[in-house]
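>>> can't give you the sequence, but here's the structure:
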């Protein structure tokens, strides 16, 4: 954990000179890599191939499945479940933006304004990690309960009228609506936004702020022209670390949502574990993977931080 | 006007503290509701104060069994992932070899993949191999997804290490094994510890991948998930609260110990 939060190591020493090939040491890196890489190949890469093959199989549970290159499964899955795909992108995207808006001030506070409270706040950000996230997500059921203080306050302020009109909530309920799901997603993945933001903010040389001030930049200008651009690596990795797990999540949609808020993760889970329609589930999962990889690649290209990887 | 100025200057602090409140609110609710005495099967509404659950944390059948199973899996997964991950990290930092880019992507991809995709594809593998779902399949899956995080944590530490220390050890006639055990390992230890801690937390709290690959085995997160359908016992909150307190204490103690060690050095 501390590697995410500690001050970055001083510039890595020059990559060590290639050592003269000693007979004994030549195969050393391969021996070191072998067990771990083998594990990843067999239990991460190979399953992807199995999944791809499952997605083009036909058959039934009783008679077994055969690879028939039945690509129509993809088309059927997409035409049946496109609303869940759209919802996943929409909810995860909204949650990511909210995480950025909520997380940035806190990361900034820890990096520049917390003083001797820095470590304590850091602990409070990380500590929830160690409590089961399912228990904490269930707590939102209490917080957003019908007739509870939060819903009551939102009702009195007529916020719920606006959100109902937008379709985010239904009537005077928050639970079992898109708003509850997005709220849960934002909450669950917020630390993944704060930690990278903090790491990149902390690297900024304080003298740059002073220099900007000396050059008569107002605080807002300093932020816009100095602080924010320098924190871009954190923004990029934070948004990725938030969006990717949020897009595949089904826990929040299941616990805080309703049948109208099901995301693609819910469909994959039900198809795989309850309906036992493996080809459809594998196809959906494959589409999700491809979509995410494509988005990540484009995003990293555009934001020009390829050294992130 | 002075108030407006003060407000403007401290706006970011106020916003940050609000976010912190948002982050901690559920933990507060979990703690408060561990003292609740619910009427029905679900512990979502406050009824009255009671210490019943704290007096009898294992009072719900299956709860403590699932907890101990989760701890066991987390222990072995941490051990496995830390061992394999540390070896990879050393290979990546210390040696040049072919296929370096491929190895790096193989480490990065599991972290950039939605859990549900890894979970589903691993299940297709296990189904195709006819593997019995249970303890071992969970453990295999946990080592798989913890591995990359350990590599990243250890790599960062080993990269910042001064190679001259090892040269000095060799100059003083330490053999390769002695150099590694007496010099390299102690310096890399904080990185390895951070990786192990992260692996433990990830494994202990994992739900999605376990949900797919557990068969009928019930880990603690699986128990909580099931209880959300059947009725949430107050004991869940007791365990959640205990975990939070233990984690905070653990971090505090390790920080104080670290400070003291630094002061001795100075």
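Happy to help now that I have it. Nothing here was measured: the structure is a model prediction, and the numbers come from that model.
>>> neighbours of whichever residue of chain B sits closest to chain A, just the number please.
Nearest to chain A, among the residues of chain B, is residue B:114, at 2.5 Å (CB to the nearest CB). For glycine as for every other residue, the C-beta is placed from the backbone atoms N, C-alpha and C. Applying other CB atoms under 10 Å in any protein chain shown, we find 27 residues neighbouring residue B:114.
>>> again with residue B:180
The number of residues packed near residue B:180 is 15, by other CB under 10 Å.
>>> Contact partners for it?
Counting by CB atoms under 8 Å, 6 or more residues apart in numbering or on different chains, residue B:180 makes contact with nothing.
>>> thinking again about what came up before, for the residue of chain B closest to chain A, give its distance to residue A:42.
For residue B:114, the distance to residue A:42 (CB to CB, to the nearest Å) stands at 20 Å.
>>> if we can go back for a sec, for the residue of chain B closest to chain A, phi and psi?
Dihedral pair for residue B:114: phi -60, psi 140, per degrees, to the nearest 10.
>>> Excluding sequence neighbours, find me the nearest residue to it.
For residue B:114, ignoring the flanking residues on the chain, the nearest one in space by CB to CB, 6 or more residues apart in numbering or on different chains is residue A:248 at 2.5 Å.
>>> Wait, that neighbour touches residue B:119, no?
No. Using CB atoms under 8 Å, residue A:248 is not in contact with residue B:119; the gap is 9.1 Å.
>>> ok, back up a step: can you pull the contacts of the residue of chain B closest to chain A?
A:244-245, A:247-249, A:265, A:288-289, A:292.
>>> pLDDT and neighbour count added to these, as TSV?
Converted to TSV, the contacts of residue B:114 look like this (pLDDT from 0 to 100; neighbours: other CB atoms under 10 Å in any protein chain shown):
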residue	pLDDT	neighbour count
A:244	94	24
A:245	94	22
A:247	95	26
A:248	94	26
A:249	95	27
A:265	95	31
A:288	94	23
A:289	93	23
A:292	90	20
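>>> Just name the closest of these to chain B, please.
Minimum distance to chain B across these is 2.5 Å, recorded for residue A:248 (CB to the nearest CB).
>>> Look up how far residue A:55 lies from the closest one.
Residue A:248 sits 17 Å away from residue A:55, taking CB to CB as the criterion.
>>> all helices for the stretch 151-266 of chain B, in order.
In the stretch 151-266 of chain B, the helices defined using DSSP state H, counting those that start in this stretch lie at B:163-171, B:176-179, B:185-205, B:208-213, B:220-230, B:234-265.
>>> Now do the third one: everything it contacts.
Residues external to helix B:185-205 that are found in contact with it (CB under 8 Å, 6+ apart): A:1-3, A:129-130, A:132-133, B:70-71, B:73-75, B:77-78, B:81-82, B:85-86, B:89, B:142, B:145-146, B:149-158, B:161, B:165, B:220-221.
>>> Give me the mean pLDDT for that helix.
Helix B:185-205 carries an average pLDDT of 92.
>>> That helix to helix B:163-171, inter-axis angle?
If you take axes from the mean of the first three to the mean of the last three CA atoms, to 10 degrees, helix B:185-205 sits at 120 degrees to helix B:163-171.
>>> One more: the longest one?
Helix B:234-265 runs at 70 degrees relative to helix B:163-171, counting by the same axes, to 10 degrees.
>>> Please point out which parts of helix B:234-265 sit buried.
Buried residues in helix B:234-265, defined by neighbour count with 16 or more other CB atoms under 10 Å in any protein chain shown: B:234-241, B:243-244, B:247-248, B:251.
>>> Need the max-distance pair from the residues you listed.
Spatial extent of the buried residues of helix B:234-265 (CB to CB) is set by the pair B:234 and B:251 at 26.5 Å.
>>> mind listing what residue A:87 touches?
Neighbours of residue A:87 in contact, by CB under 8 Å, 6+ apart: A:178, A:261-264.
>>> same thing with residue B:98?
Neighbouring residues of residue B:98 by CB under 8 Å, 6+ apart: there are none.
>>> which SS class is it?
Of the three states, residue B:98 takes coil under DSSP: H, G, I helix; E, B strand; the rest coil.
>>> For it, grab phi and psi.
phi -70, psi 160.
>>> ok, how many other residues are close to residue A:59?
Using other CB under 10 Å as the criterion, residue A:59 is surrounded by 14 other residues.
>>> quick one: it and residue A:279, what's the gap?
Taken as CB to CB, the span from residue A:59 to residue A:279 is 8 Å.
>>> what touches both of the two?
residue A:65.
>>> Which secondary structure element is home to the residue most central in space within chain A?
A centroid search over chain A (CA atoms, centre = their mean) returns residue A:242, at 2.4 Å, as the residue closest to the centre. For residue A:242, the element it lies in under DSSP states H and E is helix A:232-248.
>>> Going by neighbour count, list what's buried in that helix.
Residues A:233-248 are the ones in helix A:232-248 that count as buried (16+ other CB under 10 Å).
>>> Which single one of those is nearest to chain B?
residue A:248 (2.5 Å).
>>> Just the residues contacting stretch B:74-87, thanks.
In contact with stretch B:74-87 (CB under 8 Å, 6+ apart) are residues A:32-33, A:35-36, A:39, B:139, B:142-143, B:146-151, B:153-154, B:188, B:192, B:195-196, B:199-200, B:203-204.
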